[in-house]
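Visitor: Whatever this is, show me its structure:
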Amino acid sequence: MYSITKEVYFCYGHRLMNHPGKCKNIHGHSVKAAITLEAERLNGQGMVCDFSDIAAASAEFIDAELDHNFLLHQDDPLVEMLRQANERFMVLREHPTSECIAKLIYDFIQAKGYPVREVTLWETASSCASFREVRHA
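Guide: Have a look, this model is predicted:
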């Protein structure tokens, strides 16, 4: 099995409603996402995929939806206030945790037809969350 990983960087703001600690407050992160693709065979160029193709596909979603955006749970009372202020934000059904954001990126890359194995989101230099699907033999 072959695998490659492309790292991409972006920033976002969020808050985690009902969190018992500091994360309940509005704050932001400058993050690294590691997108890993996997294949049993290499393509005609001897690659799993060209790194620039992963970068372009991930940028399509990250630049449009996540980068320098404010991510909120659908029940957050800030949603209406931000809507009225004409501010940019993204509403999620899940709480905007690292785990949720990793899955959003995974789902987008997979929907684009890439053989994504895992997405890991580094929220800080020492903390990350990953999403991968369980593959049954």
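
Visitor: Need the residue in this protein that's farthest from the chain's center.
Guide: Residue farthest from the centre of the chain, counting by CA atoms, centre = their mean, is Gly44 at 29.3 Å.

Visitor: What does that residue show for phi and psi?
Guide: phi -60, psi -20 (degrees, to the nearest 10).

Visitor: what's the distance between it and Asp50?
Guide: Going from Gly44 to Asp50 by CB to CB, to the nearest Å gives 11 Å. (Each C-beta comes from the backbone N, C-alpha and C, glycine too.)

Visitor: Check the contact lists of the two and give me the overlap.
Guide: Contact criterion CB atoms under 8 Å, 6 or more residues apart in numbering; no residue bridges Gly44 and Asp50 by contacting each.

Visitor: In stretch 98-108, which of the residues would be classed as buried?
Guide: Within stretch 98-108, the residues that qualify as buried are Ser98, Glu99, Cys100, Ile101, Ala102, Lys103, Leu104, Ile105, Tyr106, Phe108, counting by 16 or more other CB atoms under 10 Å.

Visitor: what's the closest of those residues to Glu60?
Guide: Phe108 (7.8 Å; CB to CB).

Visitor: For that closest one, grab phi and psi.
Guide: Dihedral angles of Phe108 (phi, psi; degrees, to the nearest 10) stand at phi -70, psi -50.

Visitor: ok, how many other residues are close to Asp63?
Guide: 13 (other CB atoms under 10 Å).

Visitor: Then Gln74?
Guide: Neighbour tally, Gln74, other CB under 10 Å: 10.

Visitor: and what of Ala59?
Guide: By other CB under 10 Å, 13 other residues sit near Ala59.

Visitor: Please apply the same query to the one 10 residues further on.
Guide: By other CB under 10 Å, the residues close to Asn69 number 20.

Visitor: Asn86 too?
Guide: 6.

Visitor: gap between it and Ala33?
Guide: Counting by CB to CB, the gap from Asn86 to Ala33 is 28 Å.

Visitor: and what of Ile101?
Guide: Taking CB to CB, one finds Ile101 at 8 Å from Ala33.
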